[in-house]
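*Asks:* no FASTA, just this:
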């Protein structure tokens, strides 16, 4: 009987089931979409961090920064949407391989393409629903309470990124098997 060399080795899945996971070194997206996503995401992260840091420092010094939560929420739209696009570009979304690791490689690849197609559909539905809300509220001048940040532009950014994510998933779903 074959015994594993260490207890950790006994719990490692077969090597081929890890083929779609990013390597230990973080995968990096490349190209114009990645540049846009990294730029907006970095701006959102730095903006949220700076706003929150100033708000905390202001509370301790007595100089309150009104609307800091609204600013952070606006930055999170940029940060979150760009993070989802980058995760899609590098194939970094979470996935479960309980079934697919037991299937032949061709069948697992086919199921992965089907999952990418369904993911594209989900993001298309989210974009369509958000577009309906955007259309209904475009002339409603929806804005935040303290700083009057217009919500329509943030929603438009979300719709654009949701469409980019859907297109990326669709490209993966339609890719020819290797």
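*Replies:* Yep, it's here. Just so we're clear, the structure is a prediction, and the values are computed from it rather than from any experiment.
*Asks:* Grab the nearest non-local neighbour of the residue nearest the centre of the chain.
*Replies:* For the chain, the residue nearest the mean C-alpha position is residue 84 (1.1 Å; CA atoms, centre = their mean). The spatially closest residue to residue 84, leaving aside those adjacent along the chain, is residue 165, at 5.7 Å (CB to CB, 6 or more residues apart in numbering). All C-beta spots, glycine's among them, are computed from the backbone N, C-alpha and C.
*Asks:* contacting residues for the one you found?
*Replies:* Residues in contact with residue 165 (CB atoms under 8 Å, 6 or more residues apart in numbering) are 84, 85, 88, 123.
*Asks:* before we move on, back to that, for the residue nearest to the centre of the chain, give me phi and psi.
*Replies:* phi -70, psi -40 (degrees, to the nearest 10).
*Asks:* what does residue 150 give?
*Replies:* Per degrees, to the nearest 10, the backbone of residue 150 is at phi -70, psi 130.
*Asks:* my guess is it meets residue 139, correct?
*Replies:* No: the pair residue 150 / residue 139 is not scored as a contact, 11.8 Å apart, by CB atoms under 8 Å.
*Asks:* Who has more neighbours out of the two?
*Replies:* Higher neighbour count among residue 150 and residue 139: residue 150, with 13 against 8, using other CB atoms under 10 Å.
*Asks:* Chain neighbours aside, what residue packs nearest to the more buried one?
*Replies:* Distances taken as CB to CB, 6+ apart place residue 143 nearest to residue 150, at 5.1 Å, with adjacent residues excluded.
*Asks:* By mean pLDDT, flag the weakest helix or strand of the chain.
*Replies:* helix 7-10 (a mean of 46; mean pLDDT, DSSP states H and E).
*Asks:* Buried residues in whichever strand or helix holds residue 160, which are they?
*Replies:* Element membership for residue 160, per DSSP states H and E: helix 151-174. For helix 151-174, a neighbour-count test (16 or more other CB atoms under 10 Å) marks 151-152, 154-155, 157-159, 161-166, 168-170, 172-173 as buried.
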